[in-house]
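>>> Sequence and predicted structure, then a few things I'm wondering about:
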Amino acid sequence: MGAPLRLLPGDSRGAAASFLGLLAIIAITIPILNLAVPASSPLHVSTYATALIGKYLCYAMLALAVDLVWGFCGILSLGHAAFFALGGYAMGMYLMRQIGPRGVYGHAVLPDFMVFLNWQELPWFWYGFNHFPVAVVMMALVPALLALVFGWLAFRSRVTGVYLSIITQALSYALMLAFFRNDMGFGGNNGFTDFKDLLGYDLQRDGTRVVLLVCSAVALGISYLACRAIVASRAGRVVRAIRDAESRTRFLGYRVESFKLWIFVFSAVIAGVAGALYVPQVGIINPSEFAPINSIEVVIWVAVGGRGTLHGAALGAVLVNFTKTYFTGALPEVWLYALGTLFVLVTLFLPRGLMGIVPLRAAALPEPVEAK
Amino acid sequence: MNTWTNATGNGKATDWRALREAASRRAPPELAGKILYVEGVTVSFDGFKALDHLSLYVDPGELRCIIGPNGAGKTTMMDVITGKTRPDVGSVWFGRSVDLLLLDEPAIAQVGIGRKFQKPTVFEQLTVVENLELSLPGAKTFWRTLLARPTAAERARIDETLEIIGLTGQRGLTGSVLSHGQKQWLEIGMLLMQGPELLLVDEPVAGMTPQETERTAELLLSLAGKHSVVVVEHDMEFVRSIASRVTVLHEGRVLAEGDMDQVQNDPKVIEVYLGA
């Protein structure tokens, strides 16, 4: 392992302001360029591009969630795609109920896949998902509950390091296998698709896409501010202390398990909300979202952007996914090799990610202890 | 001391009064008024007895040195007192009211026992001030620390401790850039911030220069009286300079106890340790 890696202390005020400013610019200019600029103009942003950027912003939220637990608390989660997918499924269930009788089979209540499987009535866990507020609560609550139960068991047993990473991976994989089953009542391997509208707005219309993009930008901004507030608090310093010397923190009187648990649960909620915003923008959710490779990719985004800096994680997600979109279009067979090479190179030469290139300013974090 | 009743974990209420009464029944009258009772403690690892019916008592305000050859059980004893290792048999009481074997590490830290490790373990990524801040006594739960704002009293206390350990000029530096001696002092400072009644200090002068050793001796002497201090140390000169009372451990048992001259002239001690 060698000398401990000098991590960045967090996000400076300047970095936070630039990051939020950039988000605001995206949230303002993309809608204008999509809706107000005619399609013939070179400045026009297509609806396809709008949805793509919206998708990147959801990935950035997921990266933020992973950075909070990995970069600051030292929990290398290889299962965050599970929380993302659960949030996505909660949104998907609402969107499926919104289809109503417009499905292929025209059943008033049951989604198409249930009619196809000869189900007579809605399973109990689908009740209430026709109400948007219920769905919104579930997007956060289901990932939070899973993280709470899983984290309580794992952290209480003092499972750490690579063992914890392996069981988070197993958790995600087990959920993928479960969601593949038709009997689960979540559409089996096809998942949910053919969504019609959200809160009465047609998902195919440009205006809806633009609003979803703005919602994603706002959600990312709020998550960023919340994560930053946690990291800059005394609890955030305890969490970083746990990352660097867990047993020492215990001897100072901190209950390490409970700090890890709350950070993990909060991170799962961010991932769930990101998943929920992602689904209407890509138009589909199926069990492959739980795939182990997805969780591993998120870790790579964070490593590339800069572990331990929140804006770095978000920018890493956007950058890697932009590259992925380009590669999978131009040279699809090369992408996985390129991703692997990128991870190796970043680990070897940029241990602090791209943010490590930015010179470290003095007084990077406002230090509340000193503040008058 | 005001927060420790809710620090026993798992939400289960502990009947402290019953424990206290049980304790007063158990403690023999000649041992009344000690701050630490270690009685008949045995710890074995795969058949090897690291501690073998060890008994040790520490007075309030005392500065006690524990010496002994490698493998004598010094660090294991610290581990038992701080809850890191559970003994096979025996009892460990803090004062007459707290059965340490019922508590885990965070709870033991909160009742007032602080520990400095052999290898200095400060938080390398946090600044000196932040290291001290996390050592403040008081609320240690996630939600309380999330909302905690440093009070004027806390800031004053941090400044005062910085002054004592001589790191005022290094307050904004991260732990990773401190010298070995500075890290040792920072760790002692972190102990002081906790305001423990009992400090357990493991090899405080290992790897220090003579000047640093001298300053550490002064620091520990100034702490005795206000706190009870138990020091584990190999450096005999250092022990001679600070200790009034010395306990020699050997093969998990107390071999001798007394002042430095008594201990040094004890034939058993000369045979196993000093004579070597």
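On my side now, so go ahead.

>>> Let me know how buried residue 125 is, in neighbour terms.
With no chain named, the answer covers chain A. 12 (other Cβ atoms under 10 Å in any protein chain shown). C-beta here means a position set from N, CA and C on the backbone, and glycine is covered the same way.

>>> that answer is for a different chain, and I need it for chain B
The tally of other residues near residue B:125 (other Cβ under 10 Å) stands at 23.

>>> That one touches residue A:242, doesn't it?
No. With contacts counted by Cβ atoms under 8 Å, residue B:125 stays clear of residue A:242, the gap being 11.1 Å.

>>> my read: residue A:325 touches residue A:52, true?
Yes. Contact criterion Cβ under 8 Å: residue A:325 and residue A:52 qualify, at 6.7 Å.

>>> mind listing what residue 175 touches?
If you meant another chain, say so; for now it's chain A. For residue A:175, the contact set (Cβ atoms under 8 Å, 6 or more residues apart in numbering or on different chains) comprises A:82, A:85-86, A:290.

>>> ah, no, chain B please
Counted by Cβ under 8 Å, 6+ apart, residue B:175 has contacts B:122-128, B:131, B:183, B:186.

>>> three-state assignment of residue 249?
Looking at chain A here, since you left the chain open. Counting by DSSP: H, G, I helix; E, B strand; the rest coil, the backbone at residue A:249 sits in helix.

>>> The chain in question should be chain B.
Secondary structure of residue B:249, per three-state DSSP, is strand.

>>> Same check on residue A:106?
At residue A:106 the chain is in coil, as set by three-state DSSP.

>>> Can you give me the neighbour number for it?
Residue A:106 has 10 neighbours, counted by other Cβ under 10 Å.

>>> now it: how far from residue A:99?
10 Å (Cβ to Cβ, to the nearest Å).

>>> so what's the closest residue to residue A:104 other than its chain neighbours up against?
Spatial nearest neighbour of residue A:104, excluding adjacent residues (Cβ to Cβ, 6 or more residues apart in numbering or on different chains): residue A:112 at 5.3 Å. The contact partners of residue A:112, taken as Cβ under 8 Å, 6+ apart, are A:99, A:103-105, A:194.

>>> Could you rerun that using 7 Å?
In this structure, residue A:112 makes contact with A:103-105, judged by Cβ atoms under 7 Å, 6 or more residues apart in numbering or on different chains.

>>> Buried ones among those?
Among the contacts of residue A:112, those buried by neighbour count (16 or more other Cβ atoms under 10 Å in any protein chain shown) are residue A:103.

>>> how many other residues sit next to the residue lying closest to residue A:193 once chain neighbours are set aside?
Spatially, and ignoring its direct neighbours in sequence, residue A:193 is nearest to residue A:284 (4.2 Å; Cβ to Cβ, 6+ apart). Residue A:284 has 16 neighbours, counted by other Cβ under 10 Å.

>>> show me where pLDDT drops low in the stretch 1-150 of chain A?
Low-confidence segments of the stretch 1-150 of chain A, defined by pLDDT under 70: A:1-11.

>>> Return the per-residue confidence for the residue nearest to residue A:184 when sequence neighbours are not counted.
Leaving aside its chain neighbours, residue A:184 sits nearest to residue A:178 (5.8 Å; criterion: Cβ to Cβ, 6+ apart). With respect to pLDDT, residue A:178 has a value of 94.

>>> Count the residues that sit near residue A:178.
13.

>>> what kind of secondary structure is it in?
Residue A:178 - assigned by three-state DSSP - is helix.

>>> Does it touch residue A:186 like I think?
No. With contacts counted by Cβ atoms under 7 Å, residue A:178 stays clear of residue A:186, the gap being 8.7 Å.

>>> roughly how far is stretch A:126-146 from the heart of the chain?
Taking Cα atoms, centre = their mean, to the nearest Å, the mean C-alpha location of stretch A:126-146 is offset from the chain mean by 17 Å.

>>> What are the boundaries of the helices in the chain?
Answering for chain A, as no chain was given. A:13-35, A:47-67, A:80-99, A:112-116, A:132-156, A:161-180, A:206-232, A:234-244, A:246-251, A:256-282, A:292-305, A:310-330, A:335-349 (DSSP state H).

>>> Sorry, I should have been clearer: chain B.
Along chain B, counting by DSSP H, helices occupy B:16-26, B:74-81, B:105-111, B:128-134, B:142-147, B:152-165, B:180-194, B:210-223, B:236-242, B:260-265, B:267-269.

>>> Now distance to chain A, mean neighbour count and mean pLDDT too, for the ones you listed, in CSV please.
Below are the helices of chain B laid out as CSV (distance: least, Cβ to the nearest Cβ, whole Å; neighbours: other Cβ atoms under 10 Å in any protein chain shown; pLDDT from 0 to 100):
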stretch, distance to chain A, mean neighbour count, mean pLDDT
helix B:16-26, 18, 13, 51
helix B:74-81, 10, 23, 90
helix B:105-111, 4, 24, 88
helix B:128-134, 5, 26, 93
helix B:142-147, 4, 16, 90
helix B:152-165, 7, 16, 90
helix B:180-194, 7, 23, 87
helix B:210-223, 18, 16, 84
helix B:236-242, 23, 17, 84
helix B:260-265, 30, 16, 85
helix B:267-269, 31, 14, 85
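
>>> Tell me which of these lies nearest to residue B:61.
helix B:210-223 (9.8 Å; Cβ to Cβ).

>>> Just the C-alpha atoms of the closest one, please, in PDB.
Presented in PDB, the C-alpha positions along helix B:210-223 are these (Å, rounded to 0.1, in the frame of the first residue of the first chain):
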ATOM      1  CA  PRO B 210      16.400  13.000  23.900                       C
ATOM      2  CA  GLN B 211      14.900  16.500  23.900                       C
ATOM      3  CA  GLU B 212      11.500  15.200  22.800                       C
ATOM      4  CA  THR B 213      11.700  12.500  25.400                       C
ATOM      5  CA  GLU B 214      12.400  15.000  28.100                       C
ATOM      6  CA  ARG B 215       9.400  17.200  27.000                       C
ATOM      7  CA  THR B 216       7.200  14.100  27.000                       C
ATOM      8  CA  ALA B 217       8.200  13.300  30.500                       C
ATOM      9  CA  GLU B 218       7.300  16.800  31.700                       C
ATOM     10  CA  LEU B 219       4.000  16.500  29.900                       C
ATOM     11  CA  LEU B 220       3.100  13.200  31.500                       C
ATOM     12  CA  LEU B 221       4.200  14.500  35.000                       C
ATOM     13  CA  SER B 222       2.000  17.500  34.600                       C
ATOM     14  CA  LEU B 223      -1.000  15.300  33.800                       C
END
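
>>> Find out how far it is from the centre of the chain, if you would.
Taking Cα atoms, centre = their mean, one finds the center of helix B:210-223 at 16 Å from the center of the full chain.

>>> same deal with stretch A:88-96?
16 Å.

>>> so what's the residue nearest the centre of chain A closest to, chain neighbours aside?
Nearest to the mean C-alpha position of chain A, by Cα atoms, centre = their mean, lies residue A:62 at 1.9 Å. Nearest non-adjacent residue to residue A:62, counting by Cβ to Cβ, 6+ apart: residue A:274, 4.7 Å away.

>>> Right, I'll call it a day here.
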